[in-house]
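# Sequence first, predicted model second:
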Amino acid sequence: MPKVDQEAALEGILERIVYFNEESNYTVAKLRVKGEKELVTVVGNLLAVHPGETLKLQGKWVNNPKFGRQFKADSCLPVLPATLTGIEKYLGSGLIKGIGPVMARRLTKKFGLQTLEIIENNPDRLNEVEGIGPVRVEWIKKAWAEQKEIKEVILFLQSHGVSTAYAVKIYKAYGNSAIALLRENPYRLAMEISGIGFKTADRIARNLGVPPDSPLRAQAGILYLLWEATEEGHVFLPREELVERAAETLQIGKSYLEDALAVLVEEEKVVLEEEGGEEEKRGRRGSGEVYLKPLWMAEEMIARRLHRLSCAPRFPLPIDAEKAIAWVQDTGNLALAEKQKEAIRQAVAQKVLVITGGPGTGKTTLVKSILRVMEKKGQRIVLASPTGRAAKRLSEVTGREAKTIHRLLEYKPKEGEFARNEESPLAADLVIVDETSMVDVLLMNHLLKAIPPQATLILAGDVDQLPSVGPGNVLKDVINSGTVTVITLTEIFRQARQSMIVVNAHRVNRGEFPLLKNERGGDFYFIEKEDPEEALQTVKELCAQRIPGGFGFHPVNDIQVLSPLRKGSAGVERLNAELQALLNPRGPEVARGGRLFRLGDKVMQIKNNYEKEVFNGDIGRIARINPEEQEIQVQYEDRRVSYDYSDLDELVLAYAISVHKSQGSEYPAVVLPLLKQHFVMLQRNLLYTAITRAKKLLVIVGDKKALAMAVRNARPQERYTSLQRRLKAQMGSEK
């Protein structure tokens, strides 16, 4: 046995990946090595390896105080396996589309040690194997050729010291030209390949000899920082702040960055605008706001279109508002509050109306009442929400069809555009959009394009919730602009006052500490746990035993764990790993990168995929795993969607999700860990949003001090937006 800390070589078959960090590429893996009774633990940067591959490693043996003897790899080279077991494991790992474990066994039984040679040089002989027809043979031929070409991309990336987890995506995007294109401009990766950021592209560029003060690097860095700012919800960055961020990130002089910014303005990739609203002269140094052009266009056009819509004449609508209110109350056995009555009056009189209010204030009753009045007059009405879950709920409470905004506008994924626009508007007299706080500036712009001038637009939502995941703060900016009529519902109805979820949501929103009664048969509970590990254990017990046993909720379908943060003991990532092991410990599975997906897992889509018509935040269950076709099928509420293995970076486990990702959804039961370690996210609107996600039961597990911190912190991170200013300017200039 080689001595500890002595340079050594190791060769074996990769059995499984225990842990993989996508940021650092640090991997913990188990290797089957000839002569070793137990699987060998290997640690290090094992880039783009798959179970079943034979690996040649260089490194040294080490003794880890906690985990014992390990092989620390300095370099790793995948090689084709030379044993029957290795070949079968290699082919059955899902690496080659068309070959799964069963087919791998048949192939090796038929061709033995010649299996890989036959696939490489004489693939037509695969027809001799039972169950392989011409179609599958073509799959295998194509997949084998692609794997060889992808390996070249992998080796190129590996030689430049970067992760190759996205090699398949790079190959699919650029094909055989991948390496040539990356040599020409590696920074295109950051803009064109989902999941690859500027830092990775910059690492390749530096290794290829691109100088630190290259104009190409400065321009790419500025664009990267503007895109990164959209992740924080910003529509623009102040010029001085952008240059400061870029200087710190890129470690280059500000004069280089000012020159790069001037080029980007010249090429119309960004817009530089003075606070007064006029474009700054090109090349001039000074203050101003810097926008990615699509975001500048979106805010500018939202302001113009909202004003144009509010001023355009509507079709004659002979409605006596007072008679309509009396009719709705009599026929619906309702007693409307004064604010609800006023909203009906305004819905009849105005072209654009905003309705906002918290839980239990009657938004749903009001929307249904407006619908009944308008339908009675023969109005063509469309209902929409930004997410599938929100649209489904809107449909359920109104009894009428509601669509996601994308489906309403008939998105065409191949063309990358919406079928509904100015030239082909919606056939509607009234458009009602629910959960408007979730709508970002890009989507709102597309929606307004498709609303015909004579139509009425009603935007409904809770302005006190978290703003949209995407850039902008549309609902808040529209309300604060003072340019449209706003009805704010504040009265909590008697039935809603019986729910402590509703009562405490409003208390938190007013800055008051919630009532922690923990009454038997209630719907709001607080379990005090200051230690993060104890809190984690309590969350697990609640999901697996206490809530299903005490309230009858299904541990996966009905209970949703929410967390303020991704990292930490009670963060989304740790919670998901623990809950997956607890609630779905066994079954067919597939590992890709650092993610392990198992049949039956609860998963969430984390980016908009217009081709599949699944969107950021959609939650489903894994219904099928097919290693031969390299496919996972996820059952969402209304349909089943297929994912190629190379698309699995679009999915994450969803036993626990962030509060931000829960927007627009309601769950029968919510469990919320809230600890001092979450301090960076302890904000009133985040806590308020989390509470209002629960329909029947909310359990907060955590620290009263953390709860108090969240209630007191009424200053959420401000977003750089200019829609409020643009709306005021439009109203002033055209009236």
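That came through fine. Nothing here was measured: the structure is a model prediction, and the numbers come from that model.
# Would you mark the buried spots in stretch 200-218?
By 16 or more other CB atoms under 10 Å, the buried positions in stretch 200-218 come out as 200-206, 210, 214, 217-218. For glycine as for every other residue, the C-beta is placed from the backbone atoms N, C-alpha and C.
# repeat for stretch 712-730
713, 719-727, 729-730.
# Can you tell me which of those residues is nearest Y90?
R719 (49.7 Å; CB to CB).
# Point to the residue nearest the middle of this structure.
Residue closest to the mean C-alpha point of the chain, counted by CA atoms, centre = their mean, is I606 at 2.8 Å.
# Was I right to think that one contacts L653?
No. The pair I606 and L653 does not pass the contact test of CB atoms under 8 Å, sitting 10.7 Å apart.
# Confirm A581 sits in a strand?
No. Looking at A581 with DSSP: H, G, I helix; E, B strand; the rest coil, it is helix, so not inside a strand.
# helix or strand for S642, which one?
S642 belongs to strand 640-644 when elements are defined using DSSP states H and E.
# Return the list of helices and strands in contact with that strand.
strand 631-635 (3 or more CB pairs under 8 Å, 6 or more residues apart in numbering; DSSP states H and E).
# Partner strands of the strand it packs on and their direction?
As defined by DSSP bridges, the strand partners of strand 631-635 come to strand 619-626 (antiparallel), strand 640-644 (antiparallel).
# and the last one, how far out from the chain's middle?
From the chain centre to the centre of strand 640-644 is a distance of 17 Å (CA atoms, centre = their mean, to the nearest Å).
# what about dumping the CA coordinates of that strand to CSV?
Output in CSV follows, covering the C-alpha atoms of strand 640-644 (Å, rounded to 0.1, in the frame of the first residue of the first chain):
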residue,chain,number,x,y,z
ARG,A,640,-46.2,15.5,-18.3
VAL,A,641,-43.0,17.1,-19.6
SER,A,642,-39.8,15.3,-20.8
TYR,A,643,-36.3,16.4,-20.1
ASP,A,644,-33.1,15.2,-21.7
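# If you count neighbours, what's buried in that strand?
Buried-residue list, strand 640-644, by 16+ other CB under 10 Å: 641, 643.
# moving C-terminal of that strand, what's the next helix or strand?
Sequence-wise, the next helix or strand downstream of strand 640-644 (DSSP H and E) is strand 651-653.
# What's the mean pLDDT across the helix or strand following that following strand?
Using DSSP H and E, the helix or strand that follows strand 651-653 in sequence is strand 656-658. Mean pLDDT, computed over strand 656-658, is 96.
# Likewise for stretch 715-726?
Averaging pLDDT along stretch 715-726 yields 89.
# cool, stretch 214-221 as well?
For stretch 214-221, mean pLDDT is 92.
# that older thread, which residues sit against the strand holding S642?
612-614, 620, 623, 630-634, 650-651 (CB atoms under 8 Å, 6 or more residues apart in numbering).
# Selection in PyMOL covering whichever of those are buried, please.
One line in PyMOL is enough to select the buried members of the contacts of strand 640-644, burial here meaning 16+ other CB under 10 Å:
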select buried, resi 612+613+614+620+630+631+632+633+634+650+651
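# What are the buried residues along the helix or strand of the chain with the lowest mean pLDDT?
For the chain, using mean pLDDT, DSSP states H and E, the weakest element among its helices and strands is helix 494-497, scoring a mean of 71. Applying a neighbour-count criterion of 16+ other CB under 10 Å, one finds A496 buried in helix 494-497.
# Same check on stretch 73-93?
Buried, per 16+ other CB under 10 Å, within stretch 73-93: 73, 76, 78, 81, 86-93.
# Give me the subset of those that lies in helices.
86-91 (DSSP state H).
# Can you name the two of the residues you listed that sit furthest apart?
Taking CB to CB as the measure, these span a maximum distance of 9.6 Å, between G86 and L91.
# Show me whatever sits in contact with both of the two.
Shared contacts of G86 and L91 (CB under 8 Å, 6+ apart): G52.
# Can you list the helices and strands that the strand ranked longest in the chain packs against?
Secondary structure of the chain read by DSSP state E shows that its longest strand is strand 7-20. Where contact means 3+ CB pairs under 8 Å, 6+ apart, strand 7-20 is packed against strand 26-32, strand 40-45, strand 54-64, strand 68-79, helix 84-91.
# mind checking which of these is nearest H660?
strand 26-32 (27.1 Å).
# Mind listing what's buried along that closest one?
Buried residues in strand 26-32 (16+ other CB under 10 Å): 27-32.
# Kindly report the same for stretch 535-550.
So, applying 16+ other CB under 10 Å, buried residues of stretch 535-550: 535-536, 538-540, 542-543, 547-548.
# and what of stretch 604-624?
Buried-residue list, stretch 604-624, by 16+ other CB under 10 Å: 604-606, 608-609, 612-622.
# for the stretch 351-500 of the chain, what spans make up the strands?
352-357, 381-385, 402-404, 411-412, 417-418, 430-433, 456-461, 485-489 (DSSP state E, counting those that start in this stretch).
# who wins for proximity to F315 among the ones you listed?
Going by CB to CB, the one of the strands of the stretch 351-500 of the chain nearest F315 is strand 456-461, 9.5 Å.
# Just the C-alpha atoms of that closest one, please, in CSV.
Presented in CSV, the C-alpha positions along strand 456-461 are these (Å, rounded to 0.1, in the frame of the first residue of the first chain):
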residue,chain,number,x,y,z
THR,A,456,-60.0,47.9,-19.9
LEU,A,457,-57.1,46.6,-17.9
ILE,A,458,-57.4,45.7,-14.2
LEU,A,459,-54.2,44.8,-12.3
ALA,A,460,-54.8,42.9,-9.1
GLY,A,461,-52.2,41.9,-6.5
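# Direction included, what does it pair up with?
Paired with strand 456-461 in the same sheet, following DSSP bridges, are strand 352-357 (parallel), strand 430-433 (parallel).
# Quick check: mean pLDDT of that strand?
Mean pLDDT, strand 456-461: 96.
# how far off strand 640-644 does the strand or helix carrying Y171 point, in degrees?
Element membership for Y171, per DSSP H and E: helix 167-174. Orientation check (axes from the mean of the first three to the mean of the last three CA atoms, to 10 degrees): helix 167-174 against strand 640-644 gives 90 degrees.
# Let me know the average pLDDT across helix 167-174.
On average, helix 167-174 scores 74.
# ok, the closest residue to V328 other than its chain neighbours - contacts?
Spatial nearest neighbour of V328, excluding adjacent residues (CB to CB, 6 or more residues apart in numbering): S369 at 4.7 Å. Shown in contact with S369 (CB under 8 Å, 6+ apart): 328, 332, 334, 336, 340, 344.
# how about the closest residue to K56 other than its chain neighbours, what does it touch?
What sits nearest to K56 in space, not counting adjacent residues and going by CB to CB, 6+ apart, is L77, at 4.6 Å. Contacts of L77 were listed using CB under 8 Å, 6+ apart, and they are 55-57.
# Of the contacts of S369, which is the nearest to A246?
Nearest to A246 among those, with distances taken as CB to CB, is Q340, at 50.5 Å.
# what's around the closest one, how many residues?
Residues near Q340, counting by other CB atoms under 10 Å, number 25.
# how far is stretch 432-446 from where the chain is centred?
Mean C-alpha position of stretch 432-446 versus that of the full chain (CA atoms, centre = their mean) differs by 17 Å.
# Regarding that stretch, how distant is the last residue from the first?
One end of stretch 432-446 sits 15 Å from the other (CA to CA, to the nearest Å).
# Ok, stretch 45-63 next?
18 Å.
# So for it, mean pLDDT?
On average, stretch 45-63 scores 81.
# circling back: how much space between the residue nearest to V328 and I381?
Per CB to CB, to the nearest Å, S369 is found 13 Å from I381.
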